[in-house]
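Enquirer: 3D model of this:
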Amino acid sequence: MQFGRFIESTGLVRPGDSIMLAVSGGIDSTVMTYLFADLLPRWNLKLAVAHVNHQLRGEESDGDETFVRELSVALKIPFLSERVNVLDFAHSAHISKQEAARQMRYECLERARQKVGAQCVATAHQADDNAETVLLNALRGTGIRGLAGIPVRREAGNIIRPLLFARRSEIEQYAREHHIRYRTDSSNESIEYRRNYVRHNVIPVIQASGEFDVVPSLNRMSRLMRQLDDLLTAEVRLVLPGLLTQDSHGSSLLDIAKLRSRPDYLQEAIVLEVLRRLTVEIDADKVLRVLELCDLTTGSQVQLSKSLHVYRDRDHLSFIQPREESPLHESVTLGHTYAFHDFRFSLSLPIPVPAKLGATPGVEFVDAGTLGDRLLVRSWEEGDWFMPLGLKARKKISDYFVDEKISLLQKKRIPIFESNGNIVWICGKRLDDRFKVTDRTHSVIRLEFGPTIFSH
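Expert: Numbers count the residues shown, from 1 in each chain. Here you go, the predicted model:
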């Protein structure tokens with residue numbers, strides 16, 4: 001195997017480097033460990049081994065950890081391990097078990113790297129892994145970056161992949177010739193997982209035709225797509241700041257007109273980048289649904305995951321990550337300011353009627369004589385009604401929200417100010433006509449609503 005030549009030509013490793021080896025105990029990572037151990041004296045390397053026990057296969061997982069520990073002792077390489085609860089994390093983060101394991105694994109490896117002061121973490125992805133990734137991403141429609149496959153170096157986490165040049169068959173042959181023992185993960189045989197289905201059922205059928213050598217072809221396409229992705233990524237980074245903003249609640253807003261003015265390939269790349277930043281598992285359907293939302297009416301929405309909704313809000317797409325919140329129900333008193341999670345609300349003591357009313361956004365004046373002694377700031381509830389300023393008829397607040405094209409999640413975030421059970425103000429939106437300032441008003445209460453201001 002041309003291991004030393006590959007890592008030297010790609011600049012992945014230099015003599016004297018300190019490297020953390022990510023070792024599961026499987027054939028690929030075990031062979032990688034022996035290859036690095038062989039280079040250690042000539043390259044003056046500093047090596048350490050990190051193992052992550054995902055605790056998904058009971059005794060088999062524990063056996064893997066024991067095997068890797070013994071391997072490290074035999075090769076006289078420092079050993080670190082960490083156990084993680086993948087199922088709990090997957091449940092709390094609303095992601096798949098496989099994605100949870102991947103995220104936790106890289107977090108553990110980064111902690112291990114920092115602990116020993118290594119410059120990088122070496123993982124044992126090889127050429128067949130990359131081919132499977134490219135084919136899976138093509139089927140999922142993840143765009144050019146997906147077709148670029150697994151990068152030889154990933155800056156986030158300082159990850160290197162020194163075995164990407166090698167076929168699985170070459171690694172197996174090396175293990176046989178050098179009598180290398182390794183562990184077999186029983187879950188790798190289950191076609192319940194998409195990657196295993198592609199590995200065991202799709203690629204072998206194509207290979208059997210004799211017309212294609214799938215792995216080299218897909219790896220060649222991967223290299224070309226990675227160059228193209230570099231160009232496209234630079235273009236997206238250039239245009240995205242002019243398209244993507246944040247509102248006062250931290251939701252991402254994507255300008256529809258500016259997005260639609262770009263070529264189709266760039267529109268898809270922009271949406272993909274937004275979804276990546278929001279850590280959404282990506283497939284073609286999600287990208288298409290977001291783009292289709294641009295042509296629907298205000299208030300239309302799609303749910304991309306349990307933790308991400310996208311709304312069409314006039315000229316923007318609003319990417320909202322809802323959180324579970326208890327309904328707001330807080331008594332308030334004149335002359336005080338209140339800071340809630342997302343907003344602040346203040347009520348003055350009675351003051352003289354100002355010369356100008358309604359000149360400042362987020363500020364309202366109400367007739368002091370109309371307010372009762374039970375003042376409340378609360379969440380909107382089904383059945384709420386008020387008499388909009390300028391009208392003498394009741395209107396359901398839900399109908400007002402529809403007329404104003406306010407989304408469901410926005411409704412939940414707009415507080416209601418009430419007095420003795422009567423709605424005074426849909427905060428920041430509309431005053432109730434019964435509490436307006438008139439010619440007979442002697443004093444007013446100044447109400448103010450706006451984003452929370454944190455002091456430093």
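Enquirer: Packing partners of the strand or helix carrying residue 253?
Expert: Per DSSP states H and E: residue 253 is located in strand 252-255. Helices and strands in packing contact with strand 252-255 are listed as strand 244-246, helix 264-277, strand 316-320; criterion 3 or more CB pairs under 8 Å, 6 or more residues apart in numbering; DSSP states H and E. Where you see a C-beta, it was placed from the backbone N, CA and C, and this is true even at glycine.
Enquirer: Flag every buried residue along it.
Expert: By neighbour count on 16 or more other CB atoms under 10 Å, the buried set for strand 252-255 is 252, 253, 254.
Enquirer: quick one: least confident of those residues?
Expert: The lowest pLDDT within those belongs to residue 252, which sits at 88.
Enquirer: What's opposite the nearest residue in space to that one that is not next to it in sequence in the beta bridge?
Expert: Spatial nearest neighbour of residue 252, chain neighbours left out: residue 319 (4.1 Å); criterion: CB to CB, 6 or more residues apart in numbering. With DSSP bridges applied, residue 319 shows beta-bridge pairing to residue 252, residue 310.
Enquirer: any idea how far residue 319 lies from residue 94?
Expert: Separation of residue 319 from residue 94 (CB to CB, to the nearest Å): 16 Å.
Enquirer: Where does the prediction get shaky in the stretch 51-200 of the chain?
Expert: Scanning the stretch 51-200 of the chain for pLDDT under 70 picks out 156-157, 189-192.
Enquirer: For it, which segments count as helices?
Expert: For the stretch 51-200 of the chain, the helices defined by DSSP state H, counting those that start in this stretch cover 59-75, 86-93, 97-116, 127-140, 143-147, 168-177, 194-197.
Enquirer: quick one: which of the ones you listed is nearest residue 351?
Expert: Nearest to residue 351 among those is helix 86-93; the distance by CB to CB comes to 48.8 Å.
Enquirer: What residues of the longest helix along the chain count as buried?
Expert: When every helix of the chain is counted residue by residue (DSSP state H), the longest turns out to be helix 214-239. Neighbour counts over helix 214-239 (16+ other CB under 10 Å) mark 214, 215, 218, 219, 221, 222, 225, 226, 229, 232, 236, 239 as buried.
Enquirer: and the angle for it with helix 168-177?
Expert: Calculated by axes from the mean of the first three to the mean of the last three CA atoms, to 10 degrees, helix 214-239 forms an angle of 120 degrees with helix 168-177.
Enquirer: picking up where we left off before, pick the most deeply packed of the helices and strands packed on strand 252-255.
Expert: By mean neighbour count, with neighbours taken as mean count of other CB atoms under 10 Å, strand 316-320 ranks first of the helices and strands packed on strand 252-255 at a mean of 23.
Enquirer: who touches that strand?
Expert: Residues outside strand 316-320 that contact it (CB atoms under 8 Å, 6 or more residues apart in numbering): 247, 249, 251-256, 259, 274, 278, 290, 293-294, 308-312, 407, 409.
Enquirer: Buried among those residues? Need that as a selection in PyMOL.
Expert: Those of the contacts of strand 316-320 that count as buried under 16+ other CB under 10 Å are selected in PyMOL with:
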select buried, resi 251+252+253+254+256+259+274+278+290+293+294+308+309+310+311+312+407+409
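Enquirer: how near is the residue most central in space within the chain to residue 103?
Expert: In the chain, the residue lying closest to the centroid (CA atoms, centre = their mean) is residue 279, at 1.5 Å. In this structure, residue 279 and residue 103 are 9 Å apart, going by CB to CB.
Enquirer: any chance of the buried residues of helix 214-239 in CSV, plus distance to residue 81 and pLDDT?
Expert: Putting the buried residues of helix 214-239 into CSV (distance: CB to CB, whole Å; pLDDT from 0 to 100) gives the following:
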residue, distance to residue 81, pLDDT
214, 36, 89
215, 32, 90
218, 34, 93
219, 32, 93
221, 37, 93
222, 32, 94
225, 36, 94
226, 33, 92
229, 35, 90
232, 39, 93
236, 39, 95
239, 44, 95
